[in-house]
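Engineer: coords below, sequence missing:
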């Protein structure tokens, strides 16, 4: 469910910086699902690589459509006042139009995660082009691993462009619950918060949270190094950069299984199974989204804190063996070369 010009563009910039170090390939270009890609792809003569993340599968109930139009702030959307349930497929097809174009016009496809492919297959279409599933990675000279010792103050962190399905609301409920067991625990909240989420959390106890807002990218590693544990409660997030970044800085991360984050984390007992069905959801309406099981998440946080060194070692192994941008770049190069030589 990530926006195609945000997280994916950040990763693509990192990947392209690494790809510049190699000159062994012929002409290729990586395209993201957006308007400019559609225009550029039609005139590009090299290997056209479509890189796909999540898809849109919104349930447009009247309330959810109202929230959706508020967040989009599009004049045409403001004027529509209909029972939109029959139009779910048409409206989502419109939102997914650039992903559909890439599926139909790319020479090869890269999905960010298995969850990314599941979403595309169900709500956009299956690729008829060769494809590969390659997760995001980070430069380990920028996001460097630091072993941590737990002290009296325990800082957790959650980072996102916060929309309702990122479940910041649930994360705040969780930190308030944990306060009863870990008195000096706090939640660092990094990122922009949309109007729907901001309105909803105003009714919660926010005294255990520090809202840091948008932070320049060069300061993000320092924030993570002052924390001990990351939270990623978003549902169906295809491949969140923040999770890779946290892990690279030495943070075990807790997520749900129904997210590409679980593939990045690679440690099954750090992921809560929520048994969520891949179907239309009211993604812009907090009270209509699946809630985290607070008891399960609380127990898992306490388990990680009790066995912190063990989980840090597991995360370090995962990062160094699978999520280094150099390793990810090699996977891209091998996939490109295979199909340029074909």
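Structural biologist: Perfect, I can see it now. Everything numeric in this text was worked out from a predicted model, so none of it was measured. Numbering: from 1, shown residues only.
Engineer: Can you show me the helices along the stretch 151-300 of the chain?
Structural biologist: Here the stretch 151-300 of the chain has its helices, by DSSP state H, counting those that start in this stretch, at 168-178, 195-201, 220-225, 241-248, 260-265, 294-306.
Engineer: and of those helices, who's closest to residue 287?
Structural biologist: Ranking the helices of the stretch 151-300 of the chain by their distance to residue 287 (criterion: CB to CB) puts helix 195-201 first, at 8.1 Å. Placement of C-beta: from N, CA and C, glycine included.
Engineer: hmm, who's touching the closest one?
Structural biologist: 67, 70-71, 162-164, 166, 168-169, 172, 193, 284-286 (CB atoms under 8 Å, 6 or more residues apart in numbering).
Engineer: Would you mind writing the ChimeraX command to select the buried ones in those?
Structural biologist: Those of the contacts of helix 195-201 that count as buried under 16 or more other CB atoms under 10 Å are selected in ChimeraX with:
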select :67,162,163,164,166,168,169,172,193,284,285,286
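Engineer: Show me the two of the contacts of helix 195-201 that sit farthest apart.
Structural biologist: Farthest-apart pair in these is 70 and 172; separation 21.5 Å (CB to CB).
Engineer: how about the helices in the stretch 1-150 of the chain?
Structural biologist: Counting by DSSP H, counting those that start in this stretch, one finds helices in the stretch 1-150 of the chain at the ranges 7-19, 35-41, 62-72, 75-79, 88-95, 97-105, 114-123.
Engineer: Counting by contacts, list what the first one packs against.
Structural biologist: It refers to helix 7-19. If you count contacts as 3 or more CB pairs under 8 Å, 6 or more residues apart in numbering; DSSP states H and E, helix 7-19 packs onto strand 28-31, helix 241-248, helix 325-340.
Engineer: ok, back up a step: how about CSV for the helices of the stretch 1-150 of the chain, with mean pLDDT added?
Structural biologist: Shown next, in CSV, are the helices of the stretch 1-150 of the chain (pLDDT from 0 to 100):
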stretch, mean pLDDT
helix 7-19, 88
helix 35-41, 86
helix 62-72, 85
helix 75-79, 49
helix 88-95, 86
helix 97-105, 95
helix 114-123, 96
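Engineer: winner for burial among those helices?
Structural biologist: Compared across the helices of the stretch 1-150 of the chain, helix 114-123 shows the largest average neighbour count, a mean of 21 (mean count of other CB atoms under 10 Å).
Engineer: What lies in contact with that helix?
Structural biologist: Contacting residues not belonging to helix 114-123 are listed as 52-57, 92, 96, 99, 103, 111, 126-127, 131, 133, 236-239, 258-260, 263, 278 [CB under 8 Å, 6+ apart].
Engineer: which ones among the residues you listed are found in strands?
Structural biologist: Among the contacts of helix 114-123, the subset assigned to strands under DSSP state E consists of 52, 111, 131, 133.
Engineer: pLDDT at the second one, what is it?
Structural biologist: Translated: residue 111. In this model, residue 111 is scored at 97, pLDDT.
Engineer: hang on, isn't residue 329 packed against residue 16?
Structural biologist: No - the pair residue 329 / residue 16 is not scored as a contact, 9.5 Å apart, by CB atoms under 8 Å.
Engineer: list residues touching both of these two?
Structural biologist: By CB under 8 Å, 6+ apart, no residue touches both residue 329 and residue 16.
Engineer: picking up where we left off before, can you tell me which of the helices and strands packed on helix 7-19 is packed in deepest?
Structural biologist: Each of these was scored by mean neighbour count; the highest is helix 241-248, a mean of 27, by mean count of other CB under 10 Å.
Engineer: quick one on the thing from earlier: for the helices of the stretch 1-150 of the chain, please prepare JSON lines with the additional fields distance to residue 158.
Structural biologist: Supplementary listing: these in JSON lines, determined by distance: least, CB to CB, whole Å:
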{"stretch": "helix 7-19", "distance to residue 158": "15"}
{"stretch": "helix 35-41", "distance to residue 158": "30"}
{"stretch": "helix 62-72", "distance to residue 158": "20"}
{"stretch": "helix 75-79", "distance to residue 158": "29"}
{"stretch": "helix 88-95", "distance to residue 158": "26"}
{"stretch": "helix 97-105", "distance to residue 158": "27"}
{"stretch": "helix 114-123", "distance to residue 158": "19"}
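Engineer: which one of those lies closest to residue 250?
Structural biologist: helix 7-19 (19.2 Å).
Engineer: Quick one: work out the angle between the closest one and helix 325-340.
Structural biologist: If you take axes from the mean of the first three to the mean of the last three CA atoms, to 10 degrees, helix 7-19 sits at 80 degrees to helix 325-340.
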